[in-house]
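1. fold the following, please.
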Amino acid sequence: MITSGSRLTTQLILGIFFASGAAGLIYEILWMRQLAQLFGSTSQSAAVTTAAFFIGISAGSYYFGRQAARLVNPLRTYAWLEFGIVLAGLFFYLLFQIYYSFYDTIFTTFAASSVVFIVVKILLAMLLICPASFLMGGTLPVMGEYLIQDRAQLGRWAGTLYGINTLGAVFGATAAGFFLPRLLGINLTYGIALALSLTLGVAAWLLSMLAKQSNETAQVRVQESSAQRWSIGRFGLMEFVALLSGFLSLGMQVLWIRMLVQVLQNSTYTFSAVLVVFLSALAIGAFLVRLMVSRIPANLTTLMFLMVAAGVACLMTPLVFVEWTDGLRYLGNQDTLGSYLTQVLFTVGVIVGIPTVLMGMVLPYLYRYAERLDESPGNTLGRLNGWNTAGAVIGPLIASFLLLPSLGLWTSVSLLGLVYLAVPLVLFEGTRERIAVVATVATLLVFANPTALPLVRINVDTEKLLALWEGPDGTVAVVERDGKRRIKLNNWYALGGSGALRMEQIQTHLPMHLHPDPRTVYYLGMGSGITAGTVLNYPVDSVTVTELSGEVIEASAQYFGEYSNHFHEHPAVKVVHEDGRNFLAGTTSTFDLIISDLFIPWRAGVALLYSQEHFERARARLNDDGLFVQWIPLYQISERELKIIAKTMSRVFPTVSLWRGDFYARQPILAMVGHLDTKPLAATTPLVQRSQRDIANFRDGAAEQIPLAAYYLGTLSAYSEWFSEAAMNTDNLPIIEYLAPESHRAERAGLVQWFTGEALIGFMQQLQQRREPTEDPYLSDLSPDIHRAIYAGLFFHIAAVARHEDNARANADATAMGRALMVGQQQ
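-> So this is what the prediction gives:
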């Protein structure tokens, strides 16, 4: 038979197990992406997907561990597991398509009850994921049963397998997080993972043909295992420590991610970098145990001291984080993406690397400690891994939905660190050791004092923190400065406020005037609620608002009611705590207006709000004459990404008209308005009627209100060559998710400019030259006064940019030209 003494065979087996870990992480990342499309990008949906994955791993580990001793040829069984993963992976893909086509029925049936809907999501996710993850869970005990022939080598080889598999997971996380989906798309990346699993199955099958393990040998193992089952020492303790290790490791990971997002870009790249560091540290922990296996005693005292070290390191992370980031200062202000990610990897490694390495040593050390047990290696690995992964199911759920909302971030981190220390305190038999643990805890609590650490960075001289919420969806703060309030999510991202009333209100005023008679309005995204509240100035029948963060909903209701017409209390308004894209996919309601908020393009998951599938879904939810309005922050996007959005939206809507949000120079916003037909703008539209009045008042000197018609830029069809070479942004290839973070970092480094200032003016001029307002089919029914107002709008914008650049001459000339057009002195 092939034994562990065969160097070539061992290297091949370890190579297979490395690749298996890579494939497993690719599957997990892609499943998270796919189910986010189905269930929404909420914290609940992410927790459901993670739980379903680990439930399958846990059950598979435990089951195949119990069966391992009965296997005649474990390597062939491993091959069958890989083949099964391929079939289960295909099952996921096919069943996902079925779910997707029936999701509106699922949503309308169960969404009314949040608890029931969560249960339904869990069941659906388990049906999708558990078949494959159950088989994945069996790979370690089955491979361990084959490779480990001598129980005295259990610690060495089990730790090696665990470390190699985790190292493969690092490779998979890197490939799926940074490269493959961007280059190949989600579907082809998934196909590569399936092909890899199939290849591993074939390789294991070929190796198994060389194995000459007899059925009699397997029967002897079964009899020995059955006869000696009750001689296992400290059975309950090992299971408990394995469970606790998984619980604390994954729970702490959730809390650390919440900690790190306070200072990071929070793009797909940064989350992938954090995952790579975490997995790398776990792998290092496993390899350290493997290196020290002959030097460290396999006793309870060593295990307890290891847990004490992990607990101490965890308790220190809040203090290290705050000190390292200089009080939650944003990381990497002027770095390109490459140097920024290098800094992220280094920073995350410094802050959480050591505690994660120590946590990563606990389970491999349990393998070493389990050498004394009289049972098959596969049974030991399956049982310990099963309990460890069961803890990994519970940890994130407790951390996200119980600890963060009730205790807050710093106290939650400290509590989990104290749990690590409490176990040795209970299990140590000597008084001296217990006193040492208590003294360590007391010293750390006094030194670190997590309650004194900041949760949001503010200027204490000019800003006042009014309120703070910590929950599953983020850390939300309401900050006041010079009498102006704003909402901050995760320390940096402003979600609107009273200081930008006009910009927020125009996001409702313009669409409401552009539609002939809007009665039903849907807002995708809420923020402060000022934009949505503005709609109550109009005679509407119903308003639906979706917001991803429950904490943001609470902040808006409590601190922005006076600025938002107290819309939370209005009977016509329904505020839904749900992913807005997911809501559109599930609801059967239709709307006259769908207004999609300003979103930060580089944030993970936002690219799906600019995808072809999302635009198609929005189009399907419009009534006749309905409009879909996508607001875009031009001060956070490059021309490259804007072209992609333009091309994608133009493929869905017959007409896409472009409107400025105002004449802002520093922070301009743009509305892309999707129309269901190619009809021209009617002269009876409220926007035209109001513009005619404003033009008359301007001409008579009664008021100098710039008419809404002046906000018009043109239609995308007039300048299709501008975006003809751009890529499409789809659910399968969400290219903006990868390009926008690059542009963000390049802009910080001074290598790229946002689409503002002269670049935006140049685009407006080109758009107008391609199709003059007098020749624009969309404006064919409108008067010369409206045409002149549109010309004037360009000059008013040129003047605004000139003022921002302190160019007094250009400002005066452009303003004079705009005024002349408004009063009819220029044609």
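2. so P741 is in contact with L264, correct?
-> No: contact criterion C-beta atoms under 8 Å: P741 and L264 do not qualify, at 10.8 Å. Bear in mind the C-beta positions are built from the backbone N, C-alpha and C, glycine included.
3. need the overlap of contacts for the two.
-> T270 (C-beta atoms under 8 Å, 6 or more residues apart in numbering).
4. tell me the domain ranges of the chain?
-> Listed domain ranges for the chain are 1-230, 233-326+338-372+411-446 (source: automatic domain parsing).
5. ok, longest strand in the protein?
-> Secondary structure of the chain per DSSP state E: the longest strand is strand 622-633.
6. quick check: next helix or strand after that one?
-> Beyond strand 622-633 on the C-terminal side, the first helix or strand identified by DSSP states H and E is helix 639-650.
7. okay, the angle between that following helix and strand 622-633?
-> Using axes from the mean of the first three to the mean of the last three C-alpha atoms, to 10 degrees, one finds that helix 639-650 and strand 622-633 are set 180 degrees apart in direction.
8. quick check: which helices or strands does helix 639-650 pack against?
-> Applying 3 or more C-beta pairs under 8 Å, 6 or more residues apart in numbering; DSSP states H and E, we find helix 639-650 packed against helix 612-620, strand 622-633, strand 655-660, strand 669-675, helix 736-748.
9. what pLDDT, on average, does it get?
-> Average pLDDT, helix 639-650: 98.
10. how about it as CSV, C-alpha atoms only?
-> Once non-C-alpha atoms are left out, helix 639-650 reads as follows in CSV (Å, rounded to 0.1, in the frame of the first residue of the first chain):
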residue,chain,number,x,y,z
GLU,A,639,-15.4,59.0,-16.7
ARG,A,640,-14.5,55.3,-17.2
GLU,A,641,-17.1,54.1,-14.8
LEU,A,642,-19.7,56.6,-15.9
LYS,A,643,-19.4,55.3,-19.5
ILE,A,644,-20.0,51.8,-18.3
ILE,A,645,-23.2,52.9,-16.4
ALA,A,646,-24.3,54.9,-19.4
LYS,A,647,-23.9,51.9,-21.8
THR,A,648,-25.5,49.5,-19.5
MET,A,649,-28.6,51.7,-18.9
SER,A,650,-28.9,52.6,-22.6
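11. was I right to think Y63 contacts V142?
-> No: applying C-beta under 8 Å, one finds Y63 not in contact with V142, separated by 10.7 Å.
12. between these two, who's got more neighbours?
-> Under the neighbour definition other C-beta atoms under 10 Å, Y63 and V142 were set side by side, and V142 has more, 29 against 16.
13. do you know how far that one is from W80?
-> 9 Å (C-beta to C-beta, to the nearest Å).
14. ok, now S267?
-> In this structure, S267 and W80 are 40 Å apart, going by C-beta to C-beta.
15. what does E145 give?
-> In this structure, E145 and W80 are separated by 14 Å, where distance is defined by C-beta to C-beta.
16. neighbour count winner among those two?
-> Neighbour comparison, E145 and W80: the larger count goes to E145, with 29 against 16 (by other C-beta under 10 Å).
17. in what helix or strand does the closest residue to that one other than its chain neighbours lie?
-> What sits nearest to E145 in space, not counting adjacent residues and going by C-beta to C-beta, 6 or more residues apart in numbering, is G378, at 3.2 Å. In the assignment (DSSP H and E), G378 maps to helix 377-398.
18. how about K574?
-> In the assignment (DSSP H and E), K574 maps to strand 573-577.
19. tell me the helix or strand right after that strand.
-> Per DSSP H and E, the helix or strand that comes after strand 573-577 is helix 580-586.
20. other SSEs contacting the helix or strand that that following helix is followed by?
-> Next along the chain after helix 580-586, taking DSSP H and E as the criterion, comes strand 591-596. Of the remaining helices and strands, those touching strand 591-596 by 3+ C-beta pairs under 8 Å, 6+ apart are helix 501-514, strand 520-524, strand 622-633.
21. which one of the ones you listed is the most hemmed in?
-> Per-residue neighbour counts averaged over each of the helices and strands packed on strand 591-596 give the maximum for strand 520-524, namely a mean of 25 (mean count of other C-beta atoms under 10 Å).
22. ok, Q630 - contacts?
-> 596, 610, 645, 649, 671-674.
23. what helix or strand does the residue sitting nearest the centre point of the chain sit in?
-> Centroid check for the chain by C-alpha atoms, centre = their mean gives A604 as the closest residue, at 4.6 Å. Secondary structure assigned from DSSP H and E places A604 in neither a helix nor a strand.
24. where do the strands sit along the stretch 401-550 of the chain?
-> Defined through DSSP state E, counting those that start in this stretch, the strands belonging to the stretch 401-550 of the chain, from first to last, are 463-471, 474-481, 484-489, 493-497, 520-524, 542-547.
25. so which elements touch the fifth one?
-> To tie it back to what came earlier, the one meant is strand 520-524. Here strand 520-524 touches strand 542-547, helix 580-586, strand 591-596, going by 3+ C-beta pairs under 8 Å, 6+ apart.
26. out of the ones you listed, flag the one nearest A709.
-> Closest to A709 of these, according to C-beta to C-beta: strand 591-596, at 18.8 Å.
27. what lies in contact with that closest one?
-> Residues external to strand 591-596 that are found in contact with it (C-beta under 8 Å, 6+ apart): 507-508, 511-512, 515, 517-525, 531, 544, 580, 584, 609, 618, 621-623, 625-631.
28. stretch 344-357 too?
-> Outside stretch 344-357, the residues within contact range by C-beta under 8 Å, 6+ apart are 249, 252, 256, 260, 264, 270, 273-274, 276-278, 281-282, 284-285, 288, 310, 313-314, 316-317, 320-321, 324-325, 331-332.
29. need the buried ones from these selected in PyMOL.
-> Of these, the buried ones can be selected in PyMOL as follows, counting by 16 or more other C-beta atoms under 10 Å:
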select buried, resi 249+252+256+260+264+270+273+274+276+277+278+281+282+284+285+288+310+313+314+316+317+320+321+325+331+332
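30. in helices only, show me the contacts of stretch 344-357.
-> For the contacts of stretch 344-357, the ones inside helices are 249, 252, 256, 260, 270, 273-274, 276-278, 281-282, 284-285, 288, 310, 313-314, 316-317, 320-321, 324, with DSSP state H as the criterion.
31. ok, Q44 - contacts?
-> For Q44, the contacting residues are 118, 121, 472, taking C-beta under 8 Å, 6+ apart as the criterion.
32. now T684
-> When contacts are counted by C-beta under 8 Å, 6+ apart, T684 touches P516.
33. show me the shaky parts of the stretch 351-500 of the chain.
-> 427-442, 444-448, 493, 495 (pLDDT under 70).
34. burial check on L94, number of neighbours?
-> The tally of other residues near L94 (other C-beta under 10 Å) stands at 10.
35. again with P297
-> Other residues lying near P297 total 10 when counted by other C-beta under 10 Å.
36. right, I'll leave it there.
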